[in-house]
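In: 3D, please:
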Amino acid sequence: MFITTKGKNALKLMIDLSLYQGEDYVKLRNIAQREDISEKYLEQIVAYLQKSGKVKSSRGNNGGYRLVKEPKDYTVGEIIKCLDGDLAPTDCLRGGENICKRREQCFCYPLWFKLDQAMNEVLEYTTLQDVIDWKKGS
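Out: You can find the predicted model right below:
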């Protein structure tokens with residue numbers, strides 16, 4: 001499993017929107033400043049998030065981005081996978097045609113399988129709100 005910089009920054013962007021949107025839309029330049037991430041780079045990331053229905057946008061002076069749902073309704077896994085795709089720890093666990101043909105004989109396969117299960121459990125059951133609450137000490 002490798003979470004890319006895009007995946008990590010997508011999570012940061014979503015957390016920032018959770019914290020700052022209120023009733024308004026949040027401008028990317030404000031997120032870029034707070035998170036110390038290039039605005040151009042955030043534009044690429046937010047395009048993926050918007051295409052997958054996780055954020056919505058508005059144009060104009062009061063325009064920007066905001067979450068479609070509440071922070072408690074997004075999992076960390078769905079956000080990261082939106083940018084990074086499958087987060088399986090090895091190729092032999094990735095879906096489709098890449099399923100390992102030797103898994104029945106492989107001594108390592110059970111280890112990779114358990115690792116994949118553990119990672120997915122954390123990522124799929126941890127919400128944006130959980131991450132925010134951890135940082136705030138709630």
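
In: Which elements pack onto the helix or strand of the chain with the lowest mean pLDDT?
Out: Using mean pLDDT, DSSP states H and E, the weakest-scoring helix or strand in the chain turns out to be helix 109-125, at a mean of 90. In terms of contacts (3 or more C-beta pairs under 8 Å, 6 or more residues apart in numbering; DSSP states H and E), helix 109-125 is packed against helix 76-84. (Each C-beta comes from the backbone N, C-alpha and C, glycine too.)

In: which residues are in contact with the helix it packs on?
Out: Identification of contacts with helix 76-84 by C-beta atoms under 8 Å, 6 or more residues apart in numbering yields 2-4, 6-8, 10-11, 14, 45, 48-49, 52, 54, 87, 120, 122-124, 126-128, 130-131.

In: Next, the buried residues of that helix.
Out: For helix 76-84, burial by neighbour count (16 or more other C-beta atoms under 10 Å) applies to 76-84.

In: Equivalent analysis for stretch 128-138, please.
Out: Neighbour counts over stretch 128-138 (16+ other C-beta under 10 Å) mark 128-129, 131 as buried.

In: Same question for stretch 31-47.
Out: Neighbour-count burial for stretch 31-47, counted by 16+ other C-beta under 10 Å, picks out 31-32, 37, 42, 45-46.

In: Could you tell me the end-to-end distance of it?
Out: Start-to-end span of stretch 31-47 (C-alpha to C-alpha, to the nearest Å) is 15 Å.

In: same check, this time on stretch 47-58
Out: Using C-alpha to C-alpha, the two ends of stretch 47-58 sit 13 Å apart.

In: Also stretch 61-73?
Out: So stretch 61-73: terminal residues 28 Å apart, C-alpha to C-alpha.

In: Now do it: distance to the chain's middle.
Out: Computed by C-alpha atoms, centre = their mean, to the nearest Å, the chain-centroid distance of stretch 61-73 equals 15 Å.

In: swap in stretch 41-58?
Out: On C-alpha atoms, centre = their mean, the centre of stretch 41-58 falls 12 Å from that of its chain.

In: for C100, helix, strand, or coil?
Out: In the three-state summary, C100 is assigned as coil, counting by DSSP: H, G, I helix; E, B strand; the rest coil.
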